[in-house]
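Student: give me a model of this one.
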Amino acid sequence: MTFAQWTEAVQLVSNLSVASPWWTGDVLLYGSLQYGEKYAQGIPEGLSPTTLRGYQWVCERVPPANRHPNLSWSHHRAVAALDASEQARLLEQAEDEGLSVTELRRLVKGSEAPSKREKVVGVAIDRMQAEDGSEMVWIKLECEWPEWMAADSKVALSKP
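Tutor: I've put the predicted structure just below:
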C-alpha cells in the first residue's frame, strides 16, 4: 500500500467513524418503530446499551433536515432536547460561527424552556466514616428529568 493509498484509507475510516452514530441510531430507531420491543433481541451483545440509547434518542429527536455534516455528533446531541426549529437555528449558528460544543451548550442552556431541564424535588444526605478517618458525604438528588434520562443521580463528595 502506498502512502497516498494509506492516507485515503485513513480518511475513509475516519468518515465512517463520524457517520457511525447516525447510522447506528437510525437503524435502532427503525427497528424500534418496526418491531416494537422485539427489536432488542436483534442487538448484538457487548454493545453499550447506554450508548445505543443515546444514539437512538438523538436520531429520533434531530430530523435529517437538521443534521449538519460539518458539525460533530456532540453538537447535535447538545441540541437534541430542543424543538426542531430551535435545533435548526442553533445548529446553523454553530456552523456559521464555528462554535465549539461547549459554546453551543451554553447557548442551549439559555434557550431551553424550564420544563426541558431537570428539577430537583428531593435531597437526602448520608455520612460515613472512612477507615483513614476522612468523612464521606453521599448526596442523593431525586429529580424530575426529561423522560430520556435516569430518575435520580448520586454524587459522592469526600471531605478530608
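
Student: and the next element down the chain from the longest helix anywhere in the chain?
Tutor: Longest among the helix segments of the chain by residue count, using DSSP state H, is helix 3-35. Where DSSP states H and E defines the elements, the next helix or strand beyond helix 3-35 is helix 49-61.

Student: residues in contact with that following helix?
Tutor: Residues from elsewhere that reach helix 49-61 (C-beta atoms under 8 Å, 6 or more residues apart in numbering): 21-22, 24-26, 28-29, 32, 43, 73, 76-77, 80-81, 87, 148. All C-beta atoms are positioned from the backbone trio N, CA, C, and that covers glycine.

Student: mind giving me the ChimeraX command for buried ones among these?
Tutor: For the buried members of the contacts of helix 49-61, the matching ChimeraX selection, counting by 16 or more other C-beta atoms under 10 Å, is:
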select :21,22,24,25,26,28,29,73,76,77,80,81,87
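
Student: go through the contacts of helix 49-61 and say which is closest to residue 63.
Tutor: Closest approach to residue 63 among the contacts of helix 49-61 (C-beta to C-beta): residue 87, at 8.2 Å.

Student: gap between residue 105 and residue 42?
Tutor: 33 Å (C-beta to C-beta, to the nearest Å).

Student: who has more neighbours out of those two?
Tutor: In terms of neighbours (other C-beta atoms under 10 Å), residue 105 is the more surrounded of residue 105 and residue 42; the figures are 16 against 10.

Student: just to check, the more buried one is in contact with residue 78?
Tutor: Yes: assessed by C-beta atoms under 8 Å, residue 105 is found in contact with residue 78 at 4.9 Å.

Student: what do these two both touch?
Tutor: By C-beta under 8 Å, 6+ apart, no residue touches both residue 105 and residue 78.

Student: shouldn't residue 127 be within a strand?
Tutor: Yes: applying DSSP: H, G, I helix; E, B strand; the rest coil, one finds residue 127 inside a strand.

Student: for it, list each beta-bridge partner.
Tutor: Beta-bridge partners recorded for residue 127 (DSSP bridges): residue 137.

Student: what about it, neighbour count?
Tutor: If we define neighbours as other C-beta under 10 Å, then residue 127 has 9 of them.

Student: from residue 1, how far out is it?
Tutor: Counting by C-beta to C-beta, the gap from residue 127 to residue 1 is 61 Å.

Student: contact partners for residue 31?
Tutor: 39, 42.

Student: quick one: it from residue 42, how far?
Tutor: 6 Å.

Student: now do residue 92
Tutor: From residue 92 to residue 42 the distance is 36 Å (C-beta to C-beta).
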